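Engineer: Coordinates for the following, if possible.
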Amino acid sequence: MENGSSNGTAAVVGRLVAAKRHSGKSYSQIAAETGLTNVYVAQLLRRQAQLKPGTADALRAAIPALTDDLVAEMMAPPFRSFRPDLVHEPAVYRLNEAVMHFGESIKEIINEEFGDGIMSAIDFYCSVDKVKGVDGKDRVIVTFDGKYLPYSEQKSEHMVSKLKH
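Structural biologist: Now for the predicted structure:
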């Protein structure tokens, strides 16, 4: 399968999700068995993350229906993307809305606490957890745990392409 082939990717994702369903386990149960976060397990099964060799055996133990060809596919670098219509899905729309609504304040706090920079989405961990609120109702906790990346001052003397050889 070629990376980026939506039909091929959809077929593989369908097989991966079926293997998870066959296991009877939740993403959180698989995460606990593999030492990964629940969101990363979902990313692996949606072909949005690459399965690393050191994790393959644990994932196969957690999801016995994973075949050799599926594991090999998961170990190839994925084509990280999303369907344009995904933002219309209510849960995704609300997450986007929350980030947009709170984004400016979050950015100001990042700048205040760390300086001028951003949170990495590459050196990044994400998880979803369920807790009971003070009113006894279920609450969703989404944790974004990203490395801080400061912006660089762009001095020409640090620009390797400008150095005389």
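Engineer: Counting neighbours, what do you get for residue 73?
Structural biologist: Close neighbours of residue 73, defined as other C-beta atoms under 10 Å, add up to 20. Just so you know, the C-beta spots here come from the backbone N, C-alpha and C atoms, and that holds for glycine as well.
Engineer: Can we start the residue count at 684 from this point?
Structural biologist: All right, first residue 684 from here; so that's residue 756.
Engineer: Correct me if wrong, but it is in a helix.
Structural biologist: Yes - under DSSP: H, G, I helix; E, B strand; the rest coil, residue 756 falls within a helix.
Engineer: That one - nearest residue in space that isn't next to it in sequence?
Structural biologist: Nearest residue to residue 756, sequence neighbours excluded (C-beta to C-beta, 6 or more residues apart in numbering): residue 695, at 5.4 Å.
Engineer: what's the helix or strand where that neighbour lies packed up against?
Structural biologist: Using DSSP states H and E, residue 695 sits within helix 689-706. Counting contacts by 3 or more C-beta pairs under 8 Å, 6 or more residues apart in numbering; DSSP states H and E, helix 689-706 is packed against helix 710-717, helix 721-728, helix 751-758.
Engineer: the longest strand in this protein is where?
Structural biologist: strand 800-815 (DSSP state E).
Engineer: May I have the predicted confidence score for residue 792?
Structural biologist: With respect to pLDDT, residue 792 has a value of 96.
Engineer: okay, now it: neighbour count?
Structural biologist: Residues near residue 792, counting by other C-beta under 10 Å, number 11.
Engineer: For the nearest residue to residue 826 once chain neighbours are set aside, which residues are in contact?
Structural biologist: Excluding the flanking residues, the one nearest residue 826 by C-beta to C-beta, 6+ apart is residue 810, at 4.9 Å. Residue 810 is in contact with 714, 720, 721, 722, 825, 826, 828, counting by C-beta atoms under 8 Å, 6 or more residues apart in numbering.
Engineer: Now do the third one: how many residues are near it, please.
Structural biologist: The criterion is other C-beta under 10 Å. On that basis, residue 721 has 18 neighbouring residues.
Engineer: wait, doesn't it sit right on residue 711?
Structural biologist: Yes - between residue 721 and residue 711 there is a contact under C-beta atoms under 8 Å: 4.5 Å.
Engineer: How many residues are close by the residue nearest to residue 756?
Structural biologist: Neighbours of residue 695 (other C-beta under 10 Å): 20.
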